[in-house]
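**Q** Let me see the structure of the following:
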Amino acid sequence: MNEADRELCEVHELHPDRLNTVQTQLPDEEQLMDLAELFKIFGDTTRIRILFALFECEVCVCDLAELLRMTPSAVSHQLSILKRNKLVQSRRDGKSIFYSLADDHVRTIIGQGMEHILE
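**A** Modelled structure (predicted):
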């Protein structure tokens, strides 16, 4: 028996009570697509590094570029993606723009992800 076959039930039997429970709780297709898109944002190592840097304090593009050994333009591009997806926020202070995590949800998602991979 190969590994794929081990994942199959030995008999085809439906469980209406369980199906009903799941169907009533399943988000609609648009919500699921939005959630999948959000997780795609977390699928880029550079963006994860930026989010981790912002765990500690708000940081400007120049400092992030130095920290990550990237060009300010490349960092700015990644920040715009994170900002568009409401994962970071920015504020201007004179000629500098400082970025920070948008809210505690972002910290929780990243933190729980780290806990999961360290188990």
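
**Q** What is the burial count for residue 86?
**A** Residues contacting residue 86 under the criterion other Cβ atoms under 10 Å number 13. For the C-beta atoms, the positions are set from N, CA and C on the backbone; glycine is no exception.

**Q** Return the distance of it relative to residue 66.
**A** Here the distance between residue 86 and residue 66 works out to 26 Å (Cβ to Cβ, to the nearest Å).

**Q** cool, residue 18 as well?
**A** When distance is defined by Cβ to Cβ, residue 18 is 53 Å away from residue 66.

**Q** And the contacts of stretch 34-41?
**A** Contacts made with stretch 34-41 from outside it, assessed by Cβ atoms under 8 Å, 6 or more residues apart in numbering, are listed as 27, 47, 81, 82, 85, 87.

**Q** Alpha carbons only: can I get that stretch in PDB?
**A** Listed next in PDB are the C-alpha coordinates belonging to stretch 34-41 (Å, rounded to 0.1, in the frame of the first residue of the first chain):
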ATOM      1  CA  ASP A  34      -9.100  36.500   0.500                       C
ATOM      2  CA  LEU A  35      -7.600  34.400   3.300                       C
ATOM      3  CA  ALA A  36      -5.600  32.400   0.800                       C
ATOM      4  CA  GLU A  37      -4.300  35.700  -0.700                       C
ATOM      5  CA  LEU A  38      -3.300  36.900   2.800                       C
ATOM      6  CA  PHE A  39      -1.300  33.800   3.400                       C
ATOM      7  CA  LYS A  40       0.400  34.200   0.100                       C
ATOM      8  CA  ILE A  41       1.800  37.500   1.400                       C
END
